[in-house]
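Undergrad: Take this sequence and fold it.
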Amino acid sequence: MKFNTKTIHGGQKHDPAYGAVMPPIYQTSTYAQSTPGGHKGFEYSRTHNPTRQALENAFASIENGTYGLAFASGLAAIDAVIKLLKPGDEVISTNDLYGGTYRLFTKVFEGFGVKFHFIGMENADKVESYVNENTKLIWAETPTNPMMNIIDIKALAEVAKKHNILLGVDNTFATPYLQQPLDLGADIVMHSATKYLGGHSDVVMGALVVKDEALAERLYFIQNASGAVCGPQDSFLVLRGIKTLHVRMQRHCENGKKVAEYLANHPKIEKVYWPGFESHPNHEVAKAQMKDFGGMISFVTKGNDYDEAIRIVENMKIFTLAESLGGVESLSGHPASMTHASIPKEEREKTGVVDALIRLSVGIEDADDLIADLEQAIGS
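TA: Model (predicted):
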């Protein structure tokens, strides 16, 4: 089954009760038992729910995995992964990852004795130089948020396998439409399903997908024991969103290319970060592991002027100034004061997250309207 078909049918069955094409919303916390322990596979909805199970099957299908897990948020999914570790274990992660992930790592798990190394991951040899006997996990984003750096998943997988380390990849920006990390050697794929998988800015959710049965069992145990699961209504919404993922991503990519090229030629723009440019440092890696280059773009105005960046995002009319990304509508953000405010300024700026950086999530509106909006907001 090819990807475009998987988004609609992958891992799905018609409801056995009445043949419903869409899995029903099983809005129940518990399930009748004929005798103690005698049930139809469901006993309590923190552990299993038929609607959530249908969604988890879809997650696994579109990522070419075997086991999918749905959580109440992307951070809850990452939290479950780090709970695989113990005090004294070490994690190597990218130095320009999402601010919420950085906050979780440094403000929560460092307090429990897990050590994190935040480094540039564009070179796998550099990553390997940080590996020691305590290293248990490599955690990567690609493209990274918000600098759009590209990390070679296959190269990281070789390092991880060589040293018997887990490799987790946050695939939120690319989605399985553009890249499938498990096929490139990753052990765990994570999504903030709030973003492109849901696609309509109406739900908060996280996802994990793995192939290995033993790893899946450990994660299912943590999911159930910690209880950070999503409800059936949210499961239904994301399952509905996945069914149009392929057509939405096609338009996100088309519009993203047009917007990126417009910004690159604008006299008031100093730098545009988008992996589709041949000038991007890891463009060839992006071409090799991605189907296209996505709809996420960051840029800096000339002069690195904070006030100018704020003026631009406040003056946009079609691009909505808001947290999040990946919805059908275009969004703009100011990472230094929004998504990455939890990272100290000195650390942010080392990776390029300067005060003048603006991040765009290019939606599926008409590209000409989006460019016209940027034109009026930036000025000539």
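Undergrad: Kindly state the beta-bridge partners for Met296.
TA: Counting by DSSP bridges, Met296 is bridged to Ser361.
Undergrad: residues in contact with the lowest-mean-pLDDT helix or strand in the chain?
TA: Within the chain, judged by mean pLDDT, DSSP states H and E, the helix or strand with the poorest mean is helix 345-350; its value is a mean of 83. The set of residues that contact helix 345-350 without belonging to it, under C-beta atoms under 8 Å, 6 or more residues apart in numbering, is 95, 118, 335-336, 340, 354. Every residue, glycine included, has its C-beta placed from N, CA and C.
Undergrad: Could you name the specific helix or strand carrying the most centrally placed residue in the chain?
TA: Using C-alpha atoms, centre = their mean, the residue of the chain that lies closest to the mean C-alpha position is Thr172, 1.8 Å off. In this structure, Thr172 is located outside every helix and strand according to DSSP states H and E.
Undergrad: Could I get the pLDDT score of it?
TA: Thr172 is assigned a pLDDT of 98 by the prediction.
Undergrad: give me every residue that touches Asn171.
TA: With the criterion set at C-beta under 8 Å, 6+ apart, Asn171 makes contact with 63, 142, 179-181, 189-191.
Undergrad: how about a cut-off of 7 Å?
TA: Asn171 makes contact with 179, 181, 189-191, according to C-beta atoms under 7 Å, 6 or more residues apart in numbering.
Undergrad: Closest one to Asn265 out of these, please.
TA: Each of the contacts of Asn171 was checked against Asn265 using C-beta to C-beta; the closest is Gln179, at 27.6 Å.
Undergrad: these two touch, right, that closest one and Met290?
TA: Yes: with contact taken as C-beta atoms under 7 Å, Gln179 and Met290 are classed as touching, separated by 4.8 Å.
Undergrad: ok, these two, which is more surrounded?
TA: For Gln179 versus Met290, neighbours defined as other C-beta atoms under 10 Å are more numerous around Gln179 (25 against 21).
Undergrad: Give me the phi and psi for the more buried one.
TA: Reported as degrees, to the nearest 10, the phi and psi values for Gln179 are phi -150, psi 150.
Undergrad: Could you do Tyr273 as well?
TA: phi -110, psi 110.
Undergrad: Can you give me the neighbour number for it?
TA: When neighbours are counted by other C-beta under 10 Å, Tyr273 registers 22.
Undergrad: Please enumerate the helices of the stretch 101-250 of the chain.
TA: Under the criterion DSSP state H, counting those that start in this stretch, the stretch 101-250 of the chain carries helices at the ranges 124-129, 153-162, 175-178, 213-226, 232-242, 245-264.
Undergrad: what bridges to Ser332?
TA: Under the criterion used (DSSP bridges), Ser332 bridges to Leu321, Leu360.
Undergrad: Report the contact partners of it.
TA: Contacts of Ser332 were listed using C-beta under 7 Å, 6+ apart, and they are 313, 316, 319, 321, 358, 360.
Undergrad: Hmm, Ile312 and the last one touching each other?
TA: Just to be clear, that refers to Leu360. No: with contact taken as C-beta under 7 Å, Leu360 and Ile312 are classed as non-touching, separated by 10.6 Å.
Undergrad: Look at Val21 and give its secondary structure.
TA: coil (DSSP: H, G, I helix; E, B strand; the rest coil).
Undergrad: Show the backbone phi and psi for it.
TA: The phi and psi values for Val21, taken as degrees, to the nearest 10, are phi -70, psi -40.
Undergrad: ok, back up a step: could you identify which of the helices of the stretch 101-250 of the chain is most buried?
TA: Scoring the helices of the stretch 101-250 of the chain by mean neighbour count under mean count of other C-beta atoms under 10 Å gives helix 175-178 as the most buried, with a mean of 24.
Undergrad: Report the rounded mean pLDDT for that helix.
TA: For helix 175-178, the mean confidence score works out to 98.
Undergrad: Now do it: which elements does it pack against?
TA: If you count contacts as 3 or more C-beta pairs under 7 Å, 6 or more residues apart in numbering; DSSP states H and E, helix 175-178 packs onto helix 245-264.
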